[in-house]
Structures are given as C-alpha cells and as structure tokens.
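> pasted the sequence and its predicted model underneath.
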Amino acid sequence: AQTVTQSQPEMSVQEAETVTLSCTYDTSENNYYLFWYKQPPSRQMILVIRQEAYKQQNATENRFSVNFQKAAKSFSLKISDSQLGDTAMYFCAVTRYSGNTPLVFGKGTRLSVIA
Amino acid sequence: EAGVAQSPRYKIIEKRQSVAFWCNPISGHATLYWYQQILGQGPKLLIQFQNNGVVDDSQLPKDRFSAERLKGVDSTLKIQPAKLEDSAVYLCASSNSAGGYITEAFFGQGTRLTVV
C-alpha cells in the first residue's frame, strides 16, 4: 500500500516571496512517480509538477521546483515569486510506475498568497 | 483539446434518494477514474476503468454505489440509496497509456454532492 502525508494543513506567504510545502510518502515500489497537484476553488485538479523516482535530478517547472529525497521518502514543493493566483489547495500524490495506475493523494495543504 | 466533462456541477438530495453523475473523458483516453473527495481530505479512488472493463473497484461501496462505462467512453456513477456521509465532491479523471509508461491524469471540475 502507498500512503502520502502532508503535515501542513494551512500555510500563507506574502506575494513575491518563496514558500515550501512538505510531503512525505511511503511505498514498497522501487519505481514510482510523485506529483504535486493544485486545486483552486473551481475544484479542478491541475498538475503542477511531476518527478520520476528513478531520476536523481529534481524536477523544475518555471517558478515551481521540488526537493526529492528518495532515501528519506520526502518530496517538498518550492514556489518562488508567489503570485495571488497560486492561492489554492495543493495535493501531493504518488503512483506506481506501471501503465495507468491510480494516484494516492495526501490530505492537502491550503496555501494563501497575501498581497 | 476538450477536457474532461462532468455533470451536474452541484446536486442536493435527501438521504435515501438516488443520484447519478456523468463523465465524458478526453477523446481517446482509455483509462477513466472516479474519485471521492470528502471536505478537508484528498481524493480517494472509487473505481478505475480500462476501456469498458473494471480494473480496480476495491474501494467502491458496492452495496450502494455502482458505475459503468458503456462502449469504453462515457461513464456514470450512481448512488442508491444515498447516506449523509456520501456528501463529497466526485471527481472524474482520464489518462492514456503509452507503451506502459505513466501519463498525466486529467481531471474534470467535479460534482459537489450534498446529502441532507
């Protein structure tokens, strides 16, 4: 079984500042994928960034980057130059590296970006 | 490219009534998922389809929930009879396998169900 833990229910950050959201996971798989999804009030889950566990290099997408520590089973998300539009729920998720397998999500972190 | 379509967006019903949700995945996506997201929690898988076959329904409360995916395209999720604890957002997602490699799951906007 796979589990995901997000220990920060809520966080806030000033506009233009940097914030880091934490995520730890547990899996017995050797190969797996990790994701961060954003869920704004519209409820639609939007993929922010993904990381293949076999890759040592941390994934980066514009202002979003991850710190992937495989041995510690840690997968944190860093948002640089925070914008008001980043305000949303953020979910960390894991899935097996095997075709189309379902995502296992954490409970989420509510991020508020303050002007 | 059109996204995953879900309807209705909102539904309020009384307990013991029945309700159905509809999902139209992205064209060509063979895999379809239904997730239940209770307030304050992350989405939890209810059922996964590959084309029109069920891959995983281990977490579907089969005494009251049912789902089908006719012709491997659209899908409906039904609850009968509904309970108060079924109040949640029901998310549909689809993805397309490519040689066995994981691909992104695309989500619809969900249906918010309130059972009173």
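That came through, no problem.

> so what's the residue count around B:Leu45?
By the criterion of other Cβ atoms under 10 Å in any protein chain shown, B:Leu45 has 21 neighbours. For the C-beta atoms, the positions are set from N, CA and C on the backbone; glycine is no exception.

> same check on A:Thr87?
That count, for A:Thr87 with other Cβ under 10 Å as the rule, works out to 17.

> got a list of what it touches?
Taking Cβ atoms under 8 Å, 6 or more residues apart in numbering or on different chains, we find A:Thr87 in contact with A:40, A:111-113.

> pLDDT, neighbour count and secondary structure added to those, as TSV?
TSV is the format used below for those (pLDDT from 0 to 100; neighbours: other Cβ atoms under 10 Å in any protein chain shown; DSSP: H, G, I helix; E, B strand; the rest coil):
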residue	pLDDT	neighbour count	secondary structure
A:Pro40	93	13	coil
A:Leu111	98	21	strand
A:Ser112	97	14	strand
A:Val113	98	20	strand
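
> now these as JSON lines including distance to chain B?
JSON lines is the format used below for the contacts of A:Thr87 (distance: Cβ to the nearest Cβ, whole Å):
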{"residue": "A:Pro40", "distance to chain B": "10"}
{"residue": "A:Leu111", "distance to chain B": "15"}
{"residue": "A:Ser112", "distance to chain B": "16"}
{"residue": "A:Val113", "distance to chain B": "21"}
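
> which one of those is nearest to A:Ala88?
A:Pro40 (4.4 Å; Cβ to Cβ).

> next up, the contacts around the closest residue to the closest one other than its chain neighbours.
Distance criterion Cβ to Cβ, 6 or more residues apart in numbering or on different chains; nearest residue to A:Pro40, sequence neighbours excluded, is A:Ala88 at 4.4 Å. Applying Cβ under 8 Å, 6+ apart to A:Ala88 gives the contacts A:38-41, A:110-111.
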